[in-house]
Every structure is written in structure tokens, then in C-alpha cells.
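In: Sequence and predicted structure are below.
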Amino acid sequence: MSKDGTNRGGARIGAGRKKRPLAQQIQEGEKAMAIPEPVDIQGVEMPDVKEYLSDEQRIGTLYARDVYVETWTWLHQRRCDHLISPQLLEQYSMAMGRYVQIERMVSEYGFISKHPTTGMAITSPFVSIAQNYLRQANVIWQQIYAIVQANSLQPVTDNPQSDLMEQLLGVPMSD
């Protein structure tokens, strides 16, 4: 108890050492994993893609279905497709699909718009909309990638969202 009589203190959220990925624990010999070989391996089919991920759009084309398929394939290759909820994957696909759709609109209509009342040049509203969708997609992707990295039996080093320039220069990714 603190001096003023309140019950404050104790462990803080997020305090302490971060958990290491499962693959790293296995490599260091901390966890011995005896994975039995399955007798009969059957392929898992990708779940049906919801219709709203490829609905006809008023302006532009929505590529959420393509993002969904690519992301699910990436998860399936790492045997983590069962760990990610379909809703989270759909949210990521929709946010990234909208980002691509709006970026195409920025390419078509340009970065600058005309103010409706003054007629002066202003930044296109599509630019800020695209930034918001990209931010949302990145937050969701970080959740997905953290789940995969923490639960994959193999080290996960091929983050499709990693910075290309850092890969070219060989600079390790910062946490």
C-alpha cells in the first residue's frame, strides 16, 4: 500500500521480459517437441471467401479477395492458418483491398483537388483515406504476424510486410 492509503502499485502491464518465439525456444533446446508423423495426411482446403470481399464497386475495383487468398496461403504454408480467426483475416483483407483501391484512385485523379467553395488547390481526400486504411491494415497485420511468429515451429523470417530497403541493405529489422 502506498503512503496515501490507496492500493496502487504492483506489476505493470507489459513489464518484464518479452516471450521468445516457439521456434527459437526449440532451437535453443528449451522445449523438446516430439511431433508424431501423421499416418494419413489430407490437404486442408481454403475456407470459402466471403462475397463482400469482391463485391462490385461504384468506383475502382476491390482486391480484398486476392489479399485474402494470398494471406491464407502464406499462413497455410507456415501451418498457422488455424490460429488466425477468419474475421481477423477478413478485416485485414478488406483494409488492404480498400487501400489498393484508393491508391489506384489517387493515381487516376491525382494528389491535388479543388476546394468546393474557394476553388483553391487542396490535398485530395483520397490521400488521407488511403493513409487511414494502410494504418488499419498494418495494425491488423502486426497482430497476425505476431501470432505466426510466436506459434510457428519453423523460424519465421519472410515477413511480406518487411521493408524492402532494409532487406537490400541487409540491415536487421528493429523491434
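Out: Looks like it came in fine.

In: give the contact list for the nearest residue to Arg65 once chain neighbours are set aside.
Out: With sequence-adjacent residues excluded and distances taken as Cβ to Cβ, 6 or more residues apart in numbering, Arg65 is closest to Ser54, at 4.0 Å. (Each C-beta comes from the backbone N, C-alpha and C, glycine too.) Neighbouring residues of Ser54 by Cβ atoms under 8 Å, 6 or more residues apart in numbering: 62, 64-65.

In: If we use 10 Å, what do you get?
Out: By Cβ atoms under 10 Å, 6 or more residues apart in numbering, the residues touching Ser54 are 61-66, 68, 93, 97.

In: Show the buried residues in those residues.
Out: Neighbour-count burial (16 or more other Cβ atoms under 10 Å) applied to those gives 62-66, 68, 93, 97.

In: so how far is the one helix or strand Val127 maps to off the chain centroid?
Out: Mapping Val127 onto the secondary structure by DSSP states H and E places it in helix 125-151. Centre-to-centre, helix 125-151 and its host chain are 5 Å apart (Cα atoms, centre = their mean, to the nearest Å).

In: Any stretches of this structure with poor pLDDT?
Out: Within the chain, the stretches with pLDDT under 70 are 1-10, 31-47, 52, 157-175.

In: For it, which segments count as strands?
Out: Taking DSSP state E as the test, the strands found in the chain are 112-114, 121-123.

In: if I look at the spatially most central residue of the chain, how far off is Ser107?
Out: The residue lying closest to the centre of the chain (Cα atoms, centre = their mean) is Trp141, at 1.0 Å. Remark: distance between Trp141 and Ser107 (Cβ to Cβ, to the nearest Å) = 23 Å.
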